[in-house]
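Novice: okay, sequence plus prediction incoming.
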Amino acid sequence: MYWKFNLMTSHIETLLDKEDVTLHELMDEDDILQECKSQNKKLINFLLRPEAMKELVKLITEDPEEDVDEKVKYKYPNTACELLTSDISDITDKLTEDSSLLAAIYAFLESDGPLNPLLASFFSKIMGLLINRKSEFMLNFLRSKADFVGSLLKHLGTSAIMDLLLRLITCIESNEIRTKVEVWLNEQHLIERLVSMIDPSEADEKPVCNASQSLCDIIRLSREQLQQLQDHAESDPLLDTIELPETISSLLSHMLDGDKSESVLTSGLAVIQTLLEYKRCVPEGSSEQMTALDAERLARGVSNTLTAVTPRLKDLHNILLDPPKQHYSAMQTTAGMLDPPLGNSRLQIARLISSLLLTNTHAINEELVKLGTMNALLDLFFQYVWNNFLHTQLEICINTVFSNTQLDTEENSENILLSQLFTECKLVQRIIDRFQENQDILCCTPVGCRRGYMGHLTKIANDVVVNTEKGNNTELIKSYLKELPDDYGEKWDNFVLQSLAATNKANTLELAGSHPVQSGSEDDDSEFRDIPFPQDTAMQQAFSDYQLQQMTSNFIDQFGFNEDEFVDQEESIDDPFKNRISSLDFNAISTEDNAPLSSFEQVCNERIDHFNDKDSNEDLWEEKQITFSSTSDNKQSNRSIVSTTSANVGSDDNSSSDSDEDLDSPTVIKQASSISGPEKMDTDSNDGNTLTYDDTYSYIES
């Protein structure tokens, strides 16, 4: 922000003062973008020159030379893109007013060969800005082109071009202009062209995946727009076209007719899955419910999808049994050989079936029962032991069947899928047998390994038990359990009471076998009193109780201060301390009034050496030598004696008449020469070192 207040001068200002300055010289400066965004007039005027604008457009639309170092190869194109999209109105106006500049930009899209991905991102960013700022102008410009949609779809394999397609639909703020764009794109058969790209004849997978992603994004964005505008929203022509049964049938024909491709099946199923989505896009944590108008619109789209999907359920079921050729016909894993692997297409079909079951329509249910699709999914569930993605989808399917209400028929109400699960699929028998097999593996083999589907199988078994007690099909499930063969009826009861109960108990135990206690001042030990701790952890619990002890009010009264002592801010801060100290009592037993004082002085006299220098005539500040000597008989060192001059303390008035000199006299170090024999400090006799006060002071100062 320094340049905003002219606190520092940019080097760009100096360059702009040169008559022969070039665009590349300016782009070499690191702060050119900041200067441009801060509306540097001299810089903007330079960039608006025709030759400068042409050079900027050329940088983002033409591939750089091959001999340029890779580190700086796209430096200038990137900077040029940032300058053109800096949202400066003068630069944006210049791009739309000069037809040659706009034509040069659009020519990038009409290239025949594959587009440079990085330059395509620059192109998409600039076109997105122009569509947003000059919406009506750009709509008329694109309409004037012979086949804009065809040119766009030709390069749809480049992700940046797919982004441009979505920008064209979402970046226009005006509802009126956006509606015009959608109508025009629909007239250009955008949806039909995207559907036709999801075809096995497409050699490259990228256009197929991007076409599918574009359709999914258009569905979600269009529905979100309708939900936001509610009654004020006009019909969305693109969404209406996608939701037509004819469009969905065409998509299924591209997917299922002729040779089948893994990528085509996966991409097409993603679009159908998006059409069946019924969740409303609301902010996270919002309690807002779907309106009646939203429900009506979704019901129409879902109904059309079901109408188109129902006749092709047989083809989807056959893929579960005979999947298309994959990249890997066999795959070696740490758990063994997968031949063939499950594949993404079969997994997506399982997801589609779980979504279809949520609709609970008679035609779908009847067709699935006729085909035996649930039985096929159960077979795959146990075949691919370690594919938890598949296990999750089957668990959702079974839970949905248990929860669905019974549908009315001409004769009575029934849940035909539920009936098939307990009879033809033999769900209960499979659960019991697989649990027993897993137990045998764990017990009878040296290195037992729990089957990968056991967690989901436990959930399915619990779903059976729960729905037996409450739910939409309680009585129906009880009747099927009673009709089990005699041996399995008894086995199921024992399984629920023993194996399943033990598994559920093991799954609910806390790690380490006890409640995870966290010590802290806010913990309340009363919360942990009722926990039945094992006997072998009694010592650990006792220690935890000790750690969790809290300071009681009695503790605070004895060793601290209460908060109310500091409430009145006008009182002195040391008042609580004075009050507390004044309440302290000392018991001193003595027969004399001044006995405690005498005892104190006596102890001081015994502990402290007295030096009477009252009669000494020595000059305290005279420099003296300190002599060190030692004796060979003992190694004990004697300390030099330090004394301070002080005024004599007396009881008469003369003692108070000492001069200021006496009161301010400094500390004096007495010399060893004035000390008698044993008080001298002994050192090695061979070392005749001497120290003076000046030497000592100099040493300390250094």
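Specialist: Here it is on my side, so go on. Numbers count the residues shown, from 1 in each chain.
Novice: so who does residue 102 touch?
Specialist: 95, 96, 141 (CB atoms under 8 Å, 6 or more residues apart in numbering). C-beta here means a position set from N, CA and C on the backbone, and glycine is covered the same way.
Novice: 10 Å instead?
Specialist: 57, 95, 96, 126, 127, 130, 134, 137, 138, 141 (CB atoms under 10 Å, 6 or more residues apart in numbering).
Novice: can you tell me the SS state at the third one?
Specialist: Same thing as residue 96. helix (DSSP: H, G, I helix; E, B strand; the rest coil).
Novice: nearest spatial neighbour of it, skipping sequence neighbours?
Specialist: residue 134 (5.2 Å; CB to CB, 6 or more residues apart in numbering).
Novice: ditto for residue 384
Specialist: residue 342 (5.1 Å).
Novice: for that neighbour, which residues are in contact?
Specialist: By CB under 10 Å, 6+ apart, the contact list for residue 342 reads 320, 323, 326, 331, 350, 380, 383, 384, 387, 389, 390.
Novice: what count of nearby residues applies to residue 490?
Specialist: When neighbours are counted by other CB atoms under 10 Å, residue 490 registers 11.
Novice: ignore the last one, residue 295
Specialist: So residue 295, with other CB under 10 Å, has 13 neighbours.
Novice: among the contacts of residue 102, name the buried ones.
Specialist: 57, 95, 126, 127, 130, 134, 138, 141 (16 or more other CB atoms under 10 Å).
Novice: in helices only, show me the residues you listed.
Specialist: 57, 95, 126, 127, 130, 138, 141 (DSSP state H).
Novice: and of those residues, the nearest to residue 493?
Specialist: residue 127 (69.3 Å; CB to CB).
Novice: quick one, what contacts the closest one?
Specialist: By CB under 10 Å, 6+ apart, residue 127 lies in contact with 102, 105-106, 108-109, 138, 142, 160-161, 163-164, 167-168, 171.
Novice: now residue 130: how far from residue 162?
Specialist: Using CB to CB, to the nearest Å, residue 130 is found at 18 Å from residue 162.
Novice: ok so, going back, who are the contact partners of the residue nearest to residue 96?
Specialist: 92, 93, 95, 96, 102, 140, 141.
Novice: and stretch 214-232, what's buried?
Specialist: 214, 215, 216, 217, 218, 219, 221, 222, 223, 225, 226, 227.
Novice: doesn't residue 172 fall inside a helix?
Specialist: No - when classified by three-state DSSP, residue 172 is found to be coil rather than part of a helix.
Novice: once you drop chain neighbours, what's closest to it?
Specialist: In space, and not counting its chain neighbours, residue 172 is closest to residue 178: 4.3 Å by CB to CB, 6+ apart.
Novice: contacts only, for that neighbour.
Specialist: Contact partners of residue 178, counting by CB under 10 Å, 6+ apart, are 135, 139, 168, 169, 170, 171, 172, 225, 234, 236.
Novice: just name the closest of the ones in helices among the buried ones among the contacts of residue 102 to residue 417, please.
Specialist: For those, the nearest to residue 417 is residue 127 (50.5 Å; CB to CB).
Novice: what's the pLDDT at that closest one?
Specialist: Looking at residue 127, its pLDDT is 95.
Novice: format the ones in helices among the buried ones among the contacts of residue 102 as CSV; extra columns: distance to residue 38.
Specialist: Below are these laid out as CSV (distance: CB to CB, whole Å):
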residue, distance to residue 38
57, 23
95, 21
126, 21
127, 26
130, 23
138, 27
141, 31
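Novice: ok, so of those, who is nearest residue 484?
Specialist: The closest of those, once distances to residue 484 are taken by CB to CB, is residue 127, at 66.5 Å.
Novice: does residue 235 really touch residue 179, like I thought?
Specialist: Yes - look at residue 235 against residue 179 with CB atoms under 10 Å: they come within range, at 9.2 Å.
Novice: those two: which is more packed in?
Specialist: Set residue 235 next to residue 179 and count neighbours by other CB under 10 Å: residue 179 wins out with 16 against 10.
Novice: for the helix or strand harbouring residue 165, enumerate the helices and strands it packs against.
Specialist: Using DSSP states H and E, residue 165 sits within helix 159-170. Applying 3 or more CB pairs under 10 Å, 6 or more residues apart in numbering; DSSP states H and E, one finds that helix 159-170 contacts helix 117-133, helix 135-143, helix 148-154, helix 175-187, helix 190-197, helix 205-229.
Novice: now those helices in JSON lines, with distance to residue 81?
Specialist: Shown next, in JSON lines, are the helices and strands packed on helix 159-170 (distance: least, CB to CB, whole Å):
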{"stretch": "helix 117-133", "distance to residue 81": "4"}
{"stretch": "helix 135-143", "distance to residue 81": "18"}
{"stretch": "helix 148-154", "distance to residue 81": "20"}
{"stretch": "helix 175-187", "distance to residue 81": "24"}
{"stretch": "helix 190-197", "distance to residue 81": "27"}
{"stretch": "helix 205-229", "distance to residue 81": "22"}
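Novice: is it true that residue 341 touches residue 328?
Specialist: Yes - using CB under 10 Å, residue 341 is in contact with residue 328, at 6.3 Å.
Novice: more neighbours: which of the two?
Specialist: Set residue 341 next to residue 328 and count neighbours by other CB under 10 Å: residue 341 wins out with 18 against 12.
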